[in-house]
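1. Here you go, sequence then predicted model.
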Amino acid sequence: MRCRALSLAVVGLLVTGCVPGAPRAKTVKARLVPCRRAVGKINVDGKLDESAWERAYMLDDFRIPPDGKKPRHPSSAQLLWDDEFLYLGMVMEDFDVFGIKKERDSWTWEDDVAELFLKPSDVEPAYYEIHVTPLGTILDLLFGRRLAAGSLDRWKDWDCGAKVAVAISGTLNNWKDRDKGWILEMAIPWKAFEGTAPKPQLGDCWRFAVCRYDYSVHLEEGRELTSSAPLTKLDFHHFEDYDILEFSE
Ligand SMILES: [Ca+2]
Ligand SMILES: [Ca+2]
């Protein structure tokens, strides 16, 4: 959907009027985040060392909803795009990297997990959720409408077709030592969205959030849930609070 706001090149501003697919009269306040074009090839290998990543906007202010408290284990996320793929790179500090699920579309949120939410339109109710664990296990969901329209099982037929690579710095599933964290590199083909969302054009906007479940013996409460978007509820599906990703040069 077209991004309606003008003069939105300044990152991090609270902007009014940039509403994916919404009538012009409707106003929202959301942060506009540029999704810059990937220049050169990205090898999906778990190393964010391609020059393309250097120009990607860095989201490094993950917070714990709904209070916005700073997490013990910080994260950063970067998004890029080209004609074929949407790319996500994430660096997650984690003293206790944990992941045991191996089956696709299993309950990945019971492991450490990185989650990408994408909502291409404010008019259409459909949105997407893609999880990746430290084992590279994927859960991908296309929701026709928010959760009350059915359990997760209803939406998990969708296959995002992503290329995924994970790199762990530490020892997976050994809680007795202290790990450093893990990195996710992912490329999601635009063809995965065919039928529900047109491939974005320059200037289009999608709502999005990058989120995380992090389990750790080093955390007093045993887990930490964080989001790149300023969620006013502890609910990663509260897309009204997502930031807005603008597909830019
Ligand atoms: Ca790479
Ligand atoms: Ca963890």
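-> All right, it came through fine. The model shown is predicted, which means the values in this text are computed figures rather than measured ones. Residues are numbered from 1 along each chain as shown. Ligands and ions are numbered 1, 2, ... in the order given.

2. Those residues of the chain touching ligand 1, which are they?
-> Asn43, Asp45, Lys47 (CB under 5 Å from the ion). For every residue, glycine as well, the C-beta is placed using N, CA and C.

3. ok, now which ones touch the closest residue to the first one other than its chain neighbours?
-> Meaning Asn43. Using CB to CB, 6 or more residues apart in numbering and skipping residues adjacent in sequence, the residue nearest Asn43 is Glu50, 6.7 Å away. Going by CB atoms under 8 Å, 6 or more residues apart in numbering, Glu50 touches Gly40, Lys41, Ile42, Asn43.

4. ok, now Lys102?
-> Leu135, Thr137.

5. how close does Phe193 sit to ligand 2?
-> If you measure Phe193 against ligand 2 using CB to the ion, to the nearest Å, the figure is 30 Å.

6. Would you list the phi and psi of that residue?
-> phi -100, psi 0 (degrees, to the nearest 10).

7. Assign the residue of the chain positioned farthest from its centre to helix, strand or coil.
-> Most distant residue from the mean C-alpha position of the chain: Lys176, 29.6 Å away (CA atoms, centre = their mean). When classified by DSSP: H, G, I helix; E, B strand; the rest coil, Lys176 comes out as coil.

8. Quick check: pLDDT value at it.
-> On the pLDDT scale, Lys176 is placed at 97.

9. ditto for the one 5 residues further on
-> What the model reports as pLDDT for Gly181 is 98.

10. And Pro200, by the same measure?
-> 96.

11. And it, how far from ligand 2?
-> 33 Å.

12. ok, that residue touching Asp82?
-> No. Pro200 is not in contact with Asp82 according to CB atoms under 8 Å; the separation is 11.3 Å.

13. The two - which one has more neighbours?
-> Remark: of Pro200 and Asp82, Pro200 carries more neighbours, 22 against 16, as counted by other CB atoms under 10 Å.

14. what number of residues lie near the closest residue to Tyr127 other than its chain neighbours?
-> With sequence-adjacent residues excluded and distances taken as CB to CB, 6+ apart, Tyr127 is closest to Lys119, at 3.9 Å. Neighbour count of Lys119, defined by other CB under 10 Å: 25.

15. mind showing which ranges of the protein have poor pLDDT?
-> The model of the chain has pLDDT under 70 over residues 1-28.
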